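Here is the input, now give the coordinates:
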Amino acid sequence: MMGVIRNSIEKSPVPLTKADFVSDQMVKWCPGCGDHSILNAVSKVFPEIGYKKENYVIVSGIGCSSRFPYYVNSYGFHGIHGRAHAIASGVKIANPGLSVWIPTGDSDSLAIGGNHFIHLIRRNIDVNVMLFNNQIYGLTKGQYSPTSPLGAQTKTSPYGTIEHPFSVGELVIGAQGTFFARAIDTNPPMMTEIMFEAAKHDGTSIVEILQNCVIFNDKAHEYITSKENRDNMQLHLKHGEKMIFGKEKNKGIRLNDRSLEVVTIGENGISEEDILIHDMHNPDPGIHLMLAKMSSPIAFGVIRAAAAPTYDDLMEEQIAQVKAGSNIKCM
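Model (predicted):
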C-alpha cells in the first residue's frame with residue numbers, strides 16, 4: 001500500500017483489483033499512444049486508493065483523452081469540449097462522497113476550457129485532474145495547441161507558431177493551485193504513485209502528464225525521455241529528500257539568490273549540504289513555482305501539495321450554519 005487516504009468517501013468493504021476496473025469496451029486509441037500507459041496506471045491505482053467501486057466518477061470533455069470514461073469500469077460522464085471541469089464541479093458539490101476524476105487534454109483544458117480550468121483551481125474543489133499534454137490537437141488531426149512550443153510547425157502553423165505556450169505548472173500555481181504534479185507516460189510506476197498522492201490531497205489536484213501522440217506529434221518529449229538524455233533531463237522530486245539527479249547522481253539544485261541553479265557536487269566547493277530539500281507542503285509557492293517553470297532539468301513528481309480549505313467543505317459548513325440559525329426546522 002502506498003499510504004493512507006483519509007476523507008469522507010466510503011471505502012470498499014472488500015479488496016479490489018485492477019480487473020474490477022477493466023472495461024468491456026474496445027480501446028480505440030492508436031497503437032503506441034501514451035494514453036494506454038495512463039489508462040493502465042489508473043486501473044492499478046484505483047484499487048490501491050480503496051474506495052467503493054461505485055464511488056468513482058470519471059468526467060471528460062472532448063479529445064482523445066476524453067474517451068477515458070468508456071475504458072474504465074466505473075461511473076462516467078462524457079461531456080462537451082472544455083466543459084468537463086464545470087460538470088465535475090457540479091458532480092462533486094452535489095455528492096461530496098464521490099471521488100471525481102477528470103481526464104483532459106492540453107487543448108480541452110487550456111484553450112476552450114481555460115476559464116473553467118483556472119476557476120476550478122481557484123475554488124479548490126476536491127477533484128482530480130489528469131491533464132494529458134501532447135502539445136497538439138490530436139483528435140482533430142494536428143493543429144497547434146496552447147502548449148505547442150514557439151516555432152512548432154503544424155497543420156495550422158506551417159511556418160511555425162508565433163504564440164508563446166502556456167507553462168501548465170505556472171498557470172496552476174498562478175491560479176492559487178494547492179496541488180501540482182508532473183509525470184510522463186514512459187514511467188507508469190511514477191504515474192501510479194503521483195495519482196495516489198493526488199487522491200490523498202484534499203482539494204483540486206492537477207497532474208500534468210507529458211504524453212506522446214504517435215501520429216501527429218511523435219517524439220515531442222524525446223529530449224526528456226531518450227536514453228541519452230533522461231538521466232540529466234529528469235529531476236525526480238521526493239518530499240523531504242535532496243534534489244539530486246544525473247546519471248552519476250552528482251548533480252543537484254541549489255538556491256542562488258532568488259533563482260534555482262544546477263550545480264555539480266564535488267566541484268567548486270559544492271557539497272550535498274548545498275542542495276535543496278524538497279518540501280511539497282510549503283504553503284509559500286515560491287520554490288514550487290520555480291520548479292514548475294524549470295526547463296533543464298524538468299521536475300517530475302509532486303511539486304506542490306499545500307493544505308487549504310476546499311470549496312465543497314466550506315459550502316457544507318455554510319449550509320449547516322444557515323440551517324442551525326434558521327427558524328424553519330426540517331422534521
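
Straight-line length of stretch 285-298, end to end?
17 Å (Cα to Cα, to the nearest Å).

And the helices in the stretch 201-331 of the chain, which stretches?
Secondary structure of the stretch 201-331 of the chain, counting by DSSP state H, counting those that start in this stretch: helices at 222-225, 230-233, 286-293, 311-324.

Mind checking those helices for the one nearest to F77?
For F77, the closest of these is helix 311-324, at 17.7 Å, according to Cβ to Cβ. For glycine as for every other residue, the C-beta is placed from the backbone atoms N, C-alpha and C.

can you pull out the strands in this structure?
For the chain, the strands defined by DSSP state E occupy 56-60, 75-78, 99-105, 128-133, 179-184, 205-210, 234-236, 244-245, 251-256, 259-264, 298-305.

quick one, which of those is nearest to S8?
strand 99-105 (10.6 Å).

other SSEs contacting that closest one?
Secondary-structure packing of strand 99-105 (3 or more Cβ pairs under 8 Å, 6 or more residues apart in numbering; DSSP states H and E): helix 35-49, strand 56-60, helix 84-94, strand 128-133.

Please enumerate residues in contact with it?
Where contact means Cβ atoms under 8 Å, 6 or more residues apart in numbering, the residues beyond strand 99-105 that reach it are 9, 38, 42, 49, 51, 55-61, 63-66, 68-69, 84-85, 88, 91-92, 113, 126-134, 138, 145, 199.

Measure how buried G174 is and give me the count.
Other residues lying near G174 total 15 when counted by other Cβ atoms under 10 Å.

got the contact list for it?
Residues counted as contacts of G174 (Cβ under 8 Å, 6+ apart) are L289.

try it again with 7 Å
Under the criterion of Cβ atoms under 7 Å, 6 or more residues apart in numbering, the contact list for G174 is empty.

residue nearest the centroid of this structure?
Centroid-nearest residue in the chain, with Cα atoms, centre = their mean: V207, separated by 0.6 Å.

picking up where we left off before, tell me the most buried of the helices and strands packed on strand 99-105?
Stretch with highest mean neighbour count among the helices and strands packed on strand 99-105: strand 128-133 (a mean of 26; mean count of other Cβ atoms under 10 Å).

For I118, which of the helices of the stretch 201-331 of the chain is the nearest?
In terms of Cβ to Cβ, the element of those nearest to I118 is helix 311-324, at 13.8 Å.
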